[in-house]
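J.: need a structure here:
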Amino acid sequence: MAIPYAPGAPQDRSAERIDWRERFPLLKRKVYLNSCAYGALAESVREAPSRYLAIRAECGCAWDQWVERYEALRVSVAALLGARPEEIALTTSVSAALNALASGLRFDGPRRRIVITDLEFPTHGQIWHAQAARGAEIVQIPSREGWVSPERFAEAVDERTLLIATSEVCYRNGARLPIAQIADIAHRNGALLLVDSYQAIGTARETARDHGADIVLGGMMKYLLGTSGIAFACVAETLIEQISPTATGWFAQADLGAMDATAHRPSRSARRFEAGTPPVINVYMAEEGLSLIREAGLGPVEERIRGLTAAIRRRAREAGYECATPERHGAMIALRCVDAAALVAALGKEAIVTSTRDNNLRVSTHFYNDESDLDALFEALRRHEDLLARDSS
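T.: Numbers count the residues shown, from 1 in each chain. The predicted structure is shown next:
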């Protein structure tokens, strides 16, 4: 599979076409269709920690260099989202970012309602439900057939609503929610919109920020090709100083070098949502993952994924398999199963890597996948059709 270099790549190689599969050694041994859980490991990402370890071996401690890399990553994430670096907080996980943000909200006024859905990743729902102890009113919209329509959000949002918090793409079935419409509902009612984009960022040109989200969360271990242990929050500049987190740390302070234990003086930038010492080794891996995405270009990446997901839906329909994913979806397609765990295990024995949620088989593609991967998948599915649900329509 070859995708041209993106605009902005080195000029002397701009016309070169790259066999991206060669960059991911795993693809020589396995059919990897599980980027919704963890992106495939590129050789350059695997090698990245060695540069950090070489500095440690040589110098022992090189905080000036490490903080410089940390800030360079902030700039790269900002560019990915079309934001300013001052709007980016780098955290160890989306959970850490969400906890910091939630701790800075007040629930003692007329606006104390948080609207979520039942499609959220567990930590997302759990953190917001935990705010009930602080006075928040949590309204959880039940999904219908794996989807929550804008009309359902409109019914739940009113002048009491402080925040809508939802996912751009559902981790369970790949459903993509209409973020622009949800943003309009939030803003017409004077509320904010927070979007968990972990299952979307790195798969398309436009982001939830482009569609009106006030706060966007994401991380590096899935479609951004980095590693676990590092994530981010993008907070609109106009909101930053309105949210004063009590979950904090020394990297969240206005003067990082002050080492002042006598007061809390939060940064005026989104760094106020950070905490303690960052996972520096993960920064090196995250940088390399983002470098691959920049090199490939989000336009070609989006086109590749769109073609592959359309082919999965078509092949599943032709084979009579039942799809659990709505028409509007992200990079993951879910097929209903009789026994999804058994099917994932059976495919794994044939070197085909997938995953399961809600007794659905999750099949997720990235730009390093091609039609040969789908050929192998559907040949294997034919051998294990007794584990798949059949479409009765």
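J.: from here on, contacts and neighbour counts on C-alpha atoms
T.: Will do.
J.: show me the strands in the stretch 101-250 of the chain, by range?
T.: With DSSP state E, counting those that start in this stretch as the definition, the stretch 101-250 of the chain shows strands at residue ranges 113-117, 137-141, 161-167, 192-196, 215-219, 231-235.
J.: actually the stretch 251-393 of the chain, not the one I typed
T.: Counting by DSSP E, counting those that start in this stretch, the stretch 251-393 of the chain forms strands over residues 332-336, 352-353, 355-357, 360-364, given from the N-terminal end onward.
J.: go through the strands of the stretch 101-250 of the chain and pick out the most buried.
T.: Relative to the other members of those, strand 231-235 carries the highest mean neighbour count by mean count of other CA atoms under 10 Å, namely a mean of 28.
J.: what's the longest helix anywhere in the chain in contact with?
T.: In the chain, taking DSSP state H as the definition, the longest helix is helix 298-319. By CA atoms under 8 Å, 6 or more residues apart in numbering, the surrounding residues in contact with helix 298-319 are 3-4, 202-205, 322-323, 331-333, 365-367, 370-371, 374, 378, 391.
J.: run the last query once more with 6 Å
T.: With contacts defined as CA atoms under 6 Å, 6 or more residues apart in numbering, helix 298-319 is touched by Thr203, Ala204, Arg205, His366, Phe367.
J.: ditto for stretch 228-243
T.: Residues from elsewhere that reach stretch 228-243, judged by CA under 6 Å, 6+ apart: 87-94, 104-105, 214-221.
J.: hang on, the earlier thing: so which of the strands of the stretch 101-250 of the chain is nearest Leu361?
T.: Go through those one by one with CA to CA and the one that ends up closest to Leu361 is strand 161-167, at 19.9 Å.
J.: now the angle from the closest one to strand 137-141?
T.: 40 degrees (axes from the mean of the first three to the mean of the last three CA atoms, to 10 degrees).
J.: and strand 161-167, how far from the chain's centre?
T.: Centre-to-centre, strand 161-167 and its host chain are 17 Å apart (CA atoms, centre = their mean, to the nearest Å).
J.: stretch 159-173 now?
T.: Remark: stretch 159-173 is offset 14 Å from the chain centroid, using CA atoms, centre = their mean.
J.: how long is that stretch end to end?
T.: Its first and final residues considered, stretch 159-173 spans 32 Å by CA to CA, to the nearest Å.
J.: which other residues reach it?
T.: Stretch 159-173 is contacted from outside by 110-116, 119, 175-177, 189, 191-197, 199-200, 325, 334, 357, using CA under 6 Å, 6+ apart.
J.: ok, now stretch 332-351?
T.: Defining contact as CA under 6 Å, 6+ apart, one finds that stretch 332-351 is touched by 30, 173-174, 322-325, 359-364, 387-389.
J.: for that stretch, the averaged confidence score.
T.: For stretch 332-351, mean pLDDT rounds to 98.
J.: for the residue nearest the centre of the chain, grab phi and psi.
T.: For the chain, the residue lying nearest the average C-alpha position, counting by CA atoms, centre = their mean, turns out to be Tyr198 (1.3 Å). For Tyr198, the backbone dihedrals are phi -60, psi -40 (criterion: degrees, to the nearest 10).
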